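1. Sequence plus the predicted model coming up.
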Amino acid sequence: MAKARALDKRRKAIKNIRKITRTMELIATARFKKAMDRAQAATSYTKRITQLVADLAAAGLEVKHPLLEKRDVEKNGVLIVLTSNRGLCGGYNGGVTRAAIERYGQLRGALESIKLIVSGKRGLAFCKYRAIPVDIAYTQFEDKPSFEQVNEIATKLLEDYTTGKIDRVDIAYTTVSYTHLTLPTNREV
């Protein structure tokens, strides 16, 4: 039987670990809520842009732009996989990687060549584990990437599409919808 002092020490250690775990949980929940709010705001923006484009298309205007032209034959494609660099969001990363592997399989059967671009350490680890070759990897993005960082990638993809080097761009991501997210109340630890 353990001595009373050793039991006391172990009990205190468990309480400290419980406090630290609870704090980490609260921080992760707060970050998740902020990310959800940003995603919700982007969803509204995307829906509005889609509606505007549909209204313009219904108006019967003749619009000629290289990005709006559908290719007759699609030979070369790009799949972009967007995952996180750090943990505490395993559900998100799992959803993205499942969507990516499914889409990658579809594109490999339909196109002559598929280029895989992965953003995030979790996506890179997944591809390495599955022995899927990654053409371009990005790990420098944090929670809020700057316009300059993203613009560099987008400009290259737009240039490749307009010059005919690639015929399609697919993005693996997850959609999130929620009605209300409540933060946990303070509980006694």
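-> Perfect, I can see it now.
2. Can you show me the helices along this structure?
-> For the chain, the helices defined by DSSP state H cover 4-58, 90-110, 121-129, 147-163.
3. These into CSV, with extra columns for mean pLDDT and distance to Leu79?
-> C-betas here are computed from N, CA, C, even on glycine. Below are these laid out as CSV (pLDDT from 0 to 100; distance: least, C-beta to C-beta, whole Å):
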stretch, mean pLDDT, distance to Leu79
helix 4-58, 85, 20
helix 90-110, 87, 6
helix 121-129, 90, 11
helix 147-163, 88, 12
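4. Most tightly packed of those helices?
-> With neighbours taken as mean count of other C-beta atoms under 10 Å, the helices of the chain reach their highest mean count in helix 121-129, at a mean of 18.
5. Show me what that helix is packed against.
-> Under the contact criterion of 3 or more C-beta pairs under 8 Å, 6 or more residues apart in numbering; DSSP states H and E, helix 121-129 touches strand 76-82, helix 90-110, strand 113-119.
6. Nearest to Asp37 among the ones you listed would be which one?
-> Nearest to Asp37, of all the helices and strands packed on helix 121-129, is helix 90-110, at 14.9 Å by C-beta to C-beta.
7. Can you pull out the residues in contact with the closest one?
-> 74, 77, 79, 81-84, 114, 116, 120, 122-123, 126, 130, 132, 170, 172-174 (C-beta atoms under 8 Å, 6 or more residues apart in numbering).
8. before we move on, what about stretch 111-128?
-> Outside of stretch 111-128, the residues within contact range by C-beta under 8 Å, 6+ apart are 74-87, 93, 96-97, 100, 104, 107-108, 132-139, 141, 153, 166-168.
9. Separate out the buried members of the residues you listed.
-> With burial judged by 16 or more other C-beta atoms under 10 Å, the buried subset of the contacts of stretch 111-128 is 76-85, 93, 96-97, 100, 104, 107, 137-138, 141, 153, 166-168.
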